[in-house]
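Enquirer: got a predicted structure plus its sequence, pasted below:
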Amino acid sequence: MPTIKIPFGETGFFSPIILDYLSQKNDLQPFYGHFPKLENFGKQMELKTFDDQNRLILSAALRRHYAHLSPSLATIANITALENPNTYTVTTGHQLNLFTGPLYFLLKIIDTILLSQRLADKYPGQYFVPVYWMATEDHDFEEIASFNFRNKKFAWDHPSGGPVGRLDTDGLVAVFRQFEQSLGPGTNAERIRSLFSEAYLKHDNLADATRFLANELFGTYGLVIVDGDDRELKKVFAPFASREVETGFSFDLVTKTTENLGYPAQVHAREINLFYIRDGLRQRIVRQDDGYAVVDTHIRFSHGQIMEELSAFPERFSPNVILRPLYQELVLPNLAYVGGGGEIAYWLQLKEMFAAAGIPFPILMLRDSAMIASEKQDRRRAALGLEWAELFLPDEMLSALMARKHSVLELDFTPQRLALEKQFSDMLNIAEKTHPSFLNAVRAQQVRQLKGLANLEKKLLRAEKKNLSELVDRALELKAELFPGGNLQERKSNFSEFFLQHGDAFIEKLMHKLDPLDPAFRVVIP
């Protein structure tokens with residue numbers, strides 16, 4: 001069955017800055033580099049230089065990260081290829097959401113893989129590696145500690161603190177017991193149980209569990225998973241961390257860019273955009289008196305001491321949302337970043353900072369957005385006489401549309417309104433030749449009559465909604481299924497809900513339905 005494409009602007013779920021970016025609005029062009037077109041990647045490769053020594057550091061770090069996994073031959077080949085000067089990466093990043101969190105985790109990675117494949121076809125002399133950057137140093141436990149399955153929330157009760165990637169997996173047995181009871185019988189259900197238990201019950205921390213799970217789902221496609229919480233990679237970043245500590249160079253640049261951008265800020269720069277991290281600790285570094293302090297701790301540094309700490313323990317300095325993209329682009333031979341609307345919006349705030357750091361700004365690729373619908377849901381939609389785009393309407397507008405589509409009456413009073421306006425136009429022409437008091441009386445009557453006609457139209461529409469309440473309710477029920485909690489399905493539902501129906505073939509089906517170089521919202525019927 002063909003995939004249905006809906007322009008992003010017709011969904012009502014995408015911000016003005018993203019719609020303007022996709023339309024390549026002139027005012028936005030100074031805030032990004034090359035636009036994500038296939039032919040522009042050749043230009044991006046000319047920009048992106050990457051030190052041979054850094055390639056060896058990256059490859060060695062990845063081998064350490066994969067030491068306790070069984071990577072696919074494709075992933076092993078990609079890790080080895082990263083040592084070669086003709087190899088580039090395409091990257092996406094995501095939090096360590098429990099059991100991948102919302103569906104768009106899969107969409108981001110699939111787009112990254114697809115783009116790598118398209119680039120390999122376009123530029124046969126080069127090599128392209130899809131990368132998932134795990135946000136292991138984030139500390140917002142509440143954002144990652146649950147997932148939804150069939151409108152039921154499964155939450156992990158665990159003490160939080162410090163980088164989430166270092167959190168132990170204690171307490172996830174209870175989540176697993178609850179979750180497995182909701183799956184029911186069947187081969188696909190057993191596969192989901194196995195994925196969860198192997199990932200979270202047989203690994204000691206969240207980073208290892210997430211790496212295992214992502215590798216199980218995407219290893220056959222050669223996905224390479226990077227953990228930035230790595231001492232050797234942080235050594236490469238250390239000169240920029242030192243510059244940030246001493247001068248806070250990113251604050252003025254990002255603040256000025258954000259002001260010039262002219263859209264609501266997605267992120268806000270701080271005076272120092274670094275955290276100090278240890279096990280159980282991730283807190284901001286701030287200037288204090290003649291030195292530095294770690295917020296909400298007793299840790300204090302003089303200038304000399306913090307420079308010594310950075311030199312001896314670079315792994316203790318963690319970039320926040322402002323500097324993490326710089327860190328990523330520094331340690332990867334990267335061409336493009338694949339992200340959601342919020343991510344693209346904050347990357348647009350960073351271009352001047354990249355220029356000041358002397359690091360090429362990557363191509364920004366908006367990930368695919370998609371809704372997964374069943375054939376039964378598609379038949380229900382067709383029976384209701386609805387187009388897929390019409391299901392994106394607000395409930396009140398959808399109800400009115402259903403009444404207009406299925407009523408045997410003419411519910412649009414536009415002809416009557418035009419006729420009334422014509423009559424009053426004629427009367428006003430007469431009134432203008434008489435006393436002003438009569439002219440005012442005609443105008444007042446015109447307002448009352450048009451308002452009364454509008455009220456009658458609304459009352460008729462309400463009456464027909466009641467007469468057609470069964471059809472209206474069926475339309476609203478279908479919409480509620482497809483938009484859980486009134487939000488996009490991809491932002492709420494977990495992949496396991498669809499994996500349960502389609503099994504391991506689900507990802508392969510999505511591979512054939514998505515296209516990162518053809519931006520549109522897609523309704524996918526696997």
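Expert: Yep, that arrived. Numbering: from 1, shown residues only.
Enquirer: pretty sure residue 172 is touching residue 199, no?
Expert: No - Residue 172 lies out of contact with residue 199 (Cβ atoms under 8 Å); the separation is 9.1 Å. C-betas here are computed from N, CA, C, even on glycine.
Enquirer: is the nearest residue to residue 347 once chain neighbours are set aside part of a helix or strand, or is it coil?
Expert: Leaving aside its chain neighbours, residue 347 sits nearest to residue 364 (5.4 Å; criterion: Cβ to Cβ, 6 or more residues apart in numbering). Using DSSP: H, G, I helix; E, B strand; the rest coil, the structure places residue 364 in strand.
Enquirer: which residues touch residue 364?
Expert: 21, 32, 36, 336, 337, 339, 344, 347, 348 (Cβ atoms under 8 Å, 6 or more residues apart in numbering).
Enquirer: check the gap between it and residue 421 for me.
Expert: Remark: distance between residue 364 and residue 421 (Cβ to Cβ, to the nearest Å) = 49 Å.
Enquirer: burial count for the nearest residue to residue 363 once chain neighbours are set aside?
Expert: Once flanking residues are discounted, residue 363 sits nearest to residue 336: 4.0 Å by Cβ to Cβ, 6+ apart. The burial count assigned to residue 336 is 26, neighbours taken as other Cβ atoms under 10 Å.
Enquirer: shouldn't residue 335 be within a helix?
Expert: No - assessed with three-state DSSP, residue 335 is strand; it does not lie in a helix.
Enquirer: low-scoring pLDDT stretches of the stretch 1-150 of the chain, where are they?
Expert: 1 (pLDDT under 70).
Enquirer: and the strands in it?
Expert: Using DSSP state E, counting those that start in this stretch, the strands of the stretch 1-150 of the chain run over 4-6, 87-94, 127-134, 146-149.
Enquirer: just put these in CSV and tack on mean neighbour count and distance to residue 521.
Expert: Listed next are the strands of the stretch 1-150 of the chain as CSV, based on neighbours: other Cβ atoms under 10 Å; distance: least, Cβ to Cβ, whole Å:
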stretch, mean neighbour count, distance to residue 521
strand 4-6, 17, 4
strand 87-94, 24, 18
strand 127-134, 24, 23
strand 146-149, 20, 21
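Enquirer: any chance of TSV for those strands, columns distance to residue 509?
Expert: Formatted as TSV, these follow (distance: least, Cβ to Cβ, whole Å):
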stretch	distance to residue 509
strand 4-6	15
strand 87-94	20
strand 127-134	18
strand 146-149	20
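Enquirer: can you say which of the ones you listed is nearest to residue 206?
Expert: strand 127-134 (9.3 Å; Cβ to Cβ).
Enquirer: taking the centroid of the chain, which residue is nearest it?
Expert: residue 340 (2.9 Å; Cα atoms, centre = their mean).
Enquirer: isn't it right next to residue 347, touching?
Expert: No - the pair residue 340 / residue 347 is not scored as a contact, 10.8 Å apart, by Cβ under 8 Å.
Enquirer: distance of residue 103 from residue 8?
Expert: Residue 103 is 17 Å from residue 8, by Cβ to Cβ.
Enquirer: and the two? Which one has more around it.
Expert: Just comparing residue 103 and residue 8: by other Cβ under 10 Å the higher neighbour count belongs to residue 103, 24 against 19.
Enquirer: what residues are up against the more buried one?
Expert: So residue 103 contacts 370, 372, 489, 490, 491, 492, 493, 494, 495, 498 (Cβ under 8 Å, 6+ apart).
Enquirer: how far out from the middle of the chain is the helix or strand hosting residue 475?
Expert: Using DSSP states H and E, residue 475 maps to helix 469-482. For helix 469-482, the gap between its own C-alpha mean and the chain's C-alpha mean amounts to 28 Å (Cα atoms, centre = their mean, to the nearest Å).
Enquirer: what's the answer for stretch 148-157, then?
Expert: 20 Å.
Enquirer: just the CA trace of that stretch, in PDB.
Expert: Extracted in PDB, the C-alpha atoms of stretch 148-157 (Å, rounded to 0.1, in the frame of the first residue of the first chain):
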ATOM      1  CA  ASN A 148       3.900   4.000  26.900                       C
ATOM      2  CA  PHE A 149       2.500   0.800  25.500                       C
ATOM      3  CA  ARG A 150      -1.200   0.700  24.400                       C
ATOM      4  CA  ASN A 151      -1.900   3.900  26.400                       C
ATOM      5  CA  LYS A 152      -0.400   2.400  29.600                       C
ATOM      6  CA  LYS A 153       2.600   4.000  31.200                       C
ATOM      7  CA  PHE A 154       5.500   1.800  32.500                       C
ATOM      8  CA  ALA A 155       7.700   3.800  34.800                       C
ATOM      9  CA  TRP A 156      11.000   3.000  36.400                       C
ATOM     10  CA  ASP A 157      11.300   3.900  40.100                       C
END
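Enquirer: now do the buried residues in that stretch.
Expert: Buried residues in stretch 148-157, counted by 16 or more other Cβ atoms under 10 Å: 148, 149, 154, 156.
Enquirer: ok, now stretch 510-517?
Expert: So, applying 16+ other Cβ under 10 Å, buried residues of stretch 510-517: 510, 513, 514, 515, 516.
Enquirer: now that stretch: average pLDDT?
Expert: Averaged over stretch 510-517, pLDDT sits at 96.
Enquirer: neighbouring contacts of it?
Expert: 3, 36-38, 106-107, 110-111, 113-115, 118, 338, 365-368, 370, 522, 524, 526.
Enquirer: between the two ends of it, how far is it?
Expert: 15 Å (Cα to Cα, to the nearest Å).
Enquirer: repeat for stretch 35-43
Expert: Across stretch 35-43, the terminal residues are separated by 11 Å (Cα to Cα).
Enquirer: buried residues in that stretch?
Expert: 36, 41.
Enquirer: ok, stretch 487-494 next?
Expert: Neighbour counts over stretch 487-494 (16+ other Cβ under 10 Å) mark 488, 489, 490, 491, 492, 493, 494 as buried.
Enquirer: just stretch 298-318 next, same as before
Expert: The neighbour-count check on stretch 298-318 (16+ other Cβ under 10 Å) flags 299, 301, 306, 309, 310, 314, 315, 316, 317, 318 as buried.
Enquirer: pLDDT on it, on average?
Expert: 97.
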